[in-house]
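Asker: Quick one: sequence and predicted model below, then my questions.
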Amino acid sequence: MTQTAVALAADAKAQIVDALNQSVAETAVTTMMAQNFHWNVTGMAFGPLHELFQQIYEDHFTAQDDLAERVKALDAHADGTLAGMLKRSKVTEHEGHATAEEMIAALQAAQETLASTLAGCGEIAAEHGDTLTEDLCIARGQTHEKFAWFLRSHLR
């Protein structure tokens, strides 16, 4: 049975919100990773990688807001602290210098992690009849799989 945010049971909301906050955290960490790489990429592929990394971080910045606003629509707290996001995220920061290839590989892995996290969040939402959250997660997961493909293509 399809449920709106206000009709969901408290335990269902808690599970969905936890999964959404996980998605927000990983999206935020990946946003900063892409922006860091955008600033620091060098080499023969500078132009296209600089543009791709910018496309990724701009997309992800908007996505963070969409995911966090869904948390708020579920009448819950959106965890927006950097420390909390870093602690919660399965995506880790990349510190120090990286080659263009290392940047691409790190972002590809982050995109695949995000796609998996969002698929899981969508499954939780579906179990509870929250089709609006499920739809958001499906759309975001598809975006992350597409970015993973773009990045993977650079490494082949």
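Answerer: Great, that's in hand. Numbers count the residues shown, from 1 in each chain.
Asker: Tell me how far the one residue sitting closest to the centre of the chain lies from residue 121.
Answerer: Note on the chain: the residue nearest the mean C-alpha position is residue 27, at 3.0 Å, using Cα atoms, centre = their mean. Distance, residue 27 to residue 121, by Cβ to Cβ, to the nearest Å: 11 Å. From N, CA and C alone the C-beta is placed, and that goes for glycine too.
Asker: again with residue 21
Answerer: Distance of residue 21 to residue 121, computed by Cβ to Cβ: 10 Å.
Asker: more neighbours, these two?
Answerer: Each of residue 21 and residue 121 has its neighbours counted (other Cβ atoms under 10 Å); residue 121 has more, 29 against 22.
Asker: Which secondary structure state is assigned to that one?
Answerer: helix (DSSP: H, G, I helix; E, B strand; the rest coil).
Asker: Need the nearest residue in space to it, chain neighbours excluded.
Answerer: residue 19 (3.7 Å; Cβ to Cβ, 6 or more residues apart in numbering).
Asker: ok, residue 53 - contacts?
Answerer: 34-35, 37-38, 41, 103, 107 (Cβ atoms under 8 Å, 6 or more residues apart in numbering).
Asker: how about the nearest residue to residue 13 once chain neighbours are set aside, what does it touch?
Answerer: Distances taken as Cβ to Cβ, 6+ apart place residue 74 nearest to residue 13, at 5.2 Å, with adjacent residues excluded. Listed by Cβ under 8 Å, 6+ apart, the contact set of residue 74 reads 5, 8, 13, 16-17, 20, 133.
Asker: No further questions, thank you.
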